[in-house]
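[1] Give me the fold of what follows.
(one chain, ligands or ions: 1)
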Amino acid sequence: MLNDLAKVLLTKEQIDTRVAELGAQISRDYAGKDLVAICILKGALHFMADLTRQITIPLSIDFMAISSYGAGTKTSGVVRILQDLDSSIADRHVLIVEDIVDSGLTLKYLVDNLSSRRPASLKIVTLLDKPARRAVAIAPHYNGFDIPDEFVVGYGLDYDEKYRNLPFIGVLKPEIYQK
Ligand code: 5GP
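    Purely as a prediction, here's the structure:
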């Protein structure tokens, strides 16, 4: 697996430190509120598990599985809901937990979809943001790291369902996805 990487972009230590900061900030911002954190599967699984353990106020968790890519490295713009939430989010404070915002198309779709369910509030936390690639005007409220326009894997992020179990974020060698 390691041979497929051009470099390590973010180490486990860098991720852990930033996730703890985000958890502390979210704990302050949502104190006294009915918070539900929604993990966008599969990519946000590892971030969700670590982030929620750094949040010190009560919260519920729920999951939504979507697909936007197939086996390529570019968003198709077509988002499919593969698995919907278990519970209603009406009148609750919703935090969408995403792995990465690239074109923003996936997030735009999610925000539109979840807003129609009348939550008390709706915000986004993403571990990674590629602002240079944005195709629609959407900005996460909490962002772990801005990263350059490179295809990254690890810490939940995949290429063709592989590399999710790397404990850090690495840049995939272009020859792997240009094959
Ligand atoms: P967007 O709709 O913002 O273009 O894409 C968002 C989704 O595309 C993310 O949730 C993620 O699944 C995938 N994605 C975007 N950039 C990358 C990347 O660099 N690496 C990986 N593994 N997935 C990415």
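[2] Which helix or strand contains Asn143?
    Assigned by DSSP states H and E, Asn143 belongs to strand 142-146.
[3] helix or strand right after that strand?
    strand 152-153.
[4] and the helix or strand that that following strand is followed by, does that touch the ligand?
    Downstream of strand 152-153, the next assigned helix or strand under DSSP H and E is strand 169-172. No - against the ligand, strand 169-172 shows no contacts by CB under 6 Å from any ligand atom, the least distance being 7.6 Å. For glycine as for every other residue, the C-beta is placed from the backbone atoms N, C-alpha and C.
[5] who's in contact with strand 169-172?
    4-10, 15, 128, 147, 150-155, 157, 159, 163 (CB atoms under 8 Å, 6 or more residues apart in numbering).
[6] List the buried residues of whichever helix or strand comes after that strand.
    On the C-terminal side of strand 169-172, the closest following helix or strand by DSSP H and E is helix 174-177. By neighbour count on 16 or more other CB atoms under 10 Å, the buried set for helix 174-177 is Ile176, Tyr177.
[7] Now the strand holding Asn143: buried residues?
    Tyr142, Asn143, Gly144.
[8] For the second one, list the residues it contacts.
    So the one you mean is Asn143. Counting by CB under 8 Å, 6+ apart, Asn143 makes contact with Val101, Val125, Thr126, Leu128, Asp129.
[9] what does Ile147 give?
    Contacts of Ile147 by CB under 8 Å, 6+ apart are Leu9, Leu10, Ile100, Leu128, Asp129, Lys130, Ile169.
[10] One more pass at 7 Å, please.
    Listed by CB atoms under 7 Å, 6 or more residues apart in numbering, the contact set of Ile147 reads Leu9, Leu128, Lys130.
[11] can you tell me how far Ile89 sits from Thr56?
    Per CB to CB, to the nearest Å, Ile89 is found 22 Å from Thr56.
[12] okay, these two: which has more neighbours?
    Ile89 (19 against 12; other CB atoms under 10 Å).
[13] how about the nearest residue to that one, chain neighbours excluded?
    Pro119 (4.7 Å; CB to CB, 6 or more residues apart in numbering).
[14] By residue count, tell me the biggest helix in this protein.
    helix 12-29 (DSSP state H).
[15] I'd like the next helix or strand past it.
    strand 35-41.
[16] need the residues of the protein near the ligand, please.
    Checking the chain against the ligand by CB under 6 Å from any ligand atom, the hits are 43, 68-69, 75, 98-107, 151-153, 157-159.
[17] just the contacts of Ile147 now: which is nearest the ligand?
    Minimum distance to the ligand across the contacts of Ile147 is 6.4 Å, recorded for Lys130 (CB to the nearest ligand atom).
[18] so how many other residues sit close to the closest one?
    Neighbours of Lys130 using other CB under 10 Å come to 19.
[19] ditto for the one 10 residues further on
    By the other CB under 10 Å criterion, the neighbourhood of Pro140 contains 20 residues.
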